[in-house]
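[1] Got a sequence here, can you model it:
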Amino acid sequence: MIKIEDIARVAHDTNVSYCHVLGEETQGLWDEAPEWQRQSTLNGVRFRLVNESTSVSAQHDQWLDSKYADGWVYGPVKDADVKQHPCLVPFKELPIEQQLKDYLFVAVVRALSAEGWQ
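    Residues are numbered from 1 along each chain as shown. Modelled structure (predicted):
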């Protein structure tokens, strides 16, 4: 069985790789990521594992709720120091490139949890 932390690591690192393709250099791989970022990914994985059949937009809503609860607000550029993020908008308002991050996240979690998780 694969551990939730391992699913989160792969999901996070997949997102980092995709962000690099888009020219976004705002985060490092799992081992370099700050604890708040790792916890955010773990929370997203847990949500998906418990809510397997929810939509990709529901995954984004979970992320939005957790960001708002942690004091983040919309900002034109991602800035962790002041807790601003340009993706703090409804899923349908995200550019397709940003929506694809949620699709990738869900796909990774689904693929890695197919054999069970602990």
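
[2] And the most centrally placed residue in the chain, its phi and psi?
    By CA atoms, centre = their mean, the chain has its centre lying nearest to residue 41, at 5.3 Å. Main-chain dihedrals, residue 41, degrees, to the nearest 10: phi -70, psi -40.

[3] That one and residue 14 touch, don't they?
    No - taking contacts as CB atoms under 8 Å, residue 41 lies outside contact range of residue 14: 10.3 Å. Yep, even glycine has a C-beta here, placed from its N, CA and C like the rest.

[4] picking that back up, quick one: the residue nearest to the centre of the chain from residue 76, how far?
    Distance of residue 41 to residue 76, computed by CB to CB, to the nearest Å: 24 Å.

[5] what's the answer for residue 4, then?
    Distance from residue 4 to residue 76, counting by CB to CB: 33 Å.

[6] for the chain, which spans come out with low pLDDT?
    Applying pLDDT under 70 to the chain picks out residues 116-118.

[7] Tell me where it has helices.
    For the chain, the helices defined by DSSP state H occupy 4-22, 35-50, 56-69, 96-113.

[8] For those, could you give me CSV that also reports distance to residue 83?
    Below are those laid out as CSV (distance: least, CB to CB, whole Å):
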stretch, distance to residue 83
helix 4-22, 19
helix 35-50, 10
helix 56-69, 8
helix 96-113, 18
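
[9] which one of the ones you listed lies closest to residue 88?
    helix 56-69 (6.0 Å; CB to CB).

[10] Could you export that closest one as PDB, CA atoms only?
    The C-alpha coordinates for helix 56-69 follow below in PDB (Å, rounded to 0.1, in the frame of the first residue of the first chain):
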ATOM      1  CA  VAL A  56     -12.300  18.600 -10.200                       C
ATOM      2  CA  SER A  57     -13.900  22.000  -9.400                       C
ATOM      3  CA  ALA A  58     -14.800  20.700  -6.000                       C
ATOM      4  CA  GLN A  59     -11.100  19.900  -5.500                       C
ATOM      5  CA  HIS A  60     -10.300  23.500  -6.300                       C
ATOM      6  CA  ASP A  61     -13.100  24.600  -3.900                       C
ATOM      7  CA  GLN A  62     -11.400  22.600  -1.100                       C
ATOM      8  CA  TRP A  63      -8.100  24.300  -1.900                       C
ATOM      9  CA  LEU A  64      -9.800  27.800  -1.900                       C
ATOM     10  CA  ASP A  65     -11.500  27.100   1.400                       C
ATOM     11  CA  SER A  66      -8.200  26.000   3.000                       C
ATOM     12  CA  LYS A  67      -6.400  29.100   1.600                       C
ATOM     13  CA  TYR A  68      -9.100  31.500   2.800                       C
ATOM     14  CA  ALA A  69      -9.100  29.800   6.300                       C
END
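
[11] Sweet, I'm off.
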